[in-house]
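K.L.:
Just to be clear, the model below is a prediction. Sequence and coordinates:
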Amino acid sequence: MTTARLDHLVTSGTFSLDGGTWDVDNNVWIIGDDAEALVIDAAHDADAIAAAVGDRRLVGIVCTHAHDDHVDAAPALAARTGAPILLHPADRPLWDLTHPGRAPDADLADGRTVRVAGVELTVLHTPGHSPGAVCLHAPALGAVFSGDTLFQGGPGATGRSFSDFPTIIDSIRGRLLTLPPETVVHTGHGDDTTVGAEAPHLEEWIARGH
C-alpha cells in the first residue's frame, strides 16, 4: 500500500508552434508523499508548482514531451529546487526551440522506471504527437499519465510539425489500450478518462483521421 498522493494543478499560458500562438490551460501532476515529490510537466508557472511541492524534496521534473506549454517553467523550477529535468531525446529539437542552450539533465527511455514515494512509474515511449512523447504508467496508482498522447475523446493533435497521425494511433493501440481497462488516464489538458472508456472508439478515430 503506497502512501503517495497525487496533487493536481491547472496552470494557464500559451502554446506556440509553426508561427501560431494559442491560449491553453495545462494539467500539472505532482506525485509524492510528505518527504518527496515528482512533477510531471512543469507548465507555465514555476511559482505555483513550487508552492504545491512545498518543502518536499523534488526528485525530478518529467516532461511528457517538449512542446513549450509543457516545458516552459521547467528550467526555473529546476533552478530553485535542484531537481533534474528528464526528457526523451527524440524531443530535443522541440526543447531547443524553447530553451536553447539549456539542455535537459537526463534522458527518458522506453522501459525506464522513475521512482518517488514508493511508486514506480514506467516510461512508455508513445511518439506521434511529437517524436519523443512519453506516457508514465503507475500501476500502484492505477493510472497512466498520458501527456498529449491520449485525451478524453481521442488522440492528441497531429496537425503541426514533428507530429504524425498514424504514429500516434500505433502508440495508443500498442502502449495505452493494452493497459487494464480501469486504468485512469491523467491527461495533459482537460478531464481524466479511463483506458476502458476510450478503447472502443479507436476505429472511429482512425476513420476521422485526426
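P.N.:
That came through fine. Everything quoted here is computed from the prediction, not taken from an experiment.
K.L.:
all strands for the protein, in order.
P.N.:
Listed in chain order, the strands found in the chain under DSSP state E are 5-17, 20-32, 36-40, 57-62, 85-87, 106-107, 113-116, 119-125, 134-138, 143-147, 150-151, 154-155, 184-187, 193-194.
K.L.:
any chance of the ones you listed in TSV, with mean neighbour count and mean pLDDT too?
P.N.:
All C-beta spots, glycine's among them, are computed from the backbone N, C-alpha and C. As requested, the strands of the chain are exported to TSV (neighbours: other CB atoms under 10 Å; pLDDT from 0 to 100):
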stretch	mean neighbour count	mean pLDDT
strand 5-17	16	98
strand 20-32	18	98
strand 36-40	25	98
strand 57-62	22	98
strand 85-87	23	98
strand 106-107	14	98
strand 113-116	16	98
strand 119-125	20	98
strand 134-138	25	98
strand 143-147	27	98
strand 150-151	24	98
strand 154-155	22	98
strand 184-187	21	98
strand 193-194	18	98
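K.L.:
Of the ones you listed, give the one that comes closest to residue 205.
P.N.:
Within those, the stretch nearest residue 205 is strand 154-155; the backing value is 5.1 Å (CB to CB).
K.L.:
The closest one pairs with which strands?
P.N.:
Sheet pairing for strand 154-155, assigned by DSSP bridges, gives strand 150-151 (antiparallel).
K.L.:
related to what we said a few turns ago, wait, which of the strands of the chain is closest to residue 71?
P.N.:
Residue 71 lies closest, by CB to CB, to one member of the strands of the chain: strand 85-87, at 7.6 Å.
K.L.:
name the helices or strands packed onto that closest one?
P.N.:
The contact analysis (3 or more CB pairs under 8 Å, 6 or more residues apart in numbering; DSSP states H and E) places strand 85-87 against strand 57-62, helix 74-81, strand 106-107.
K.L.:
Please consider this matter closed, and thank you.
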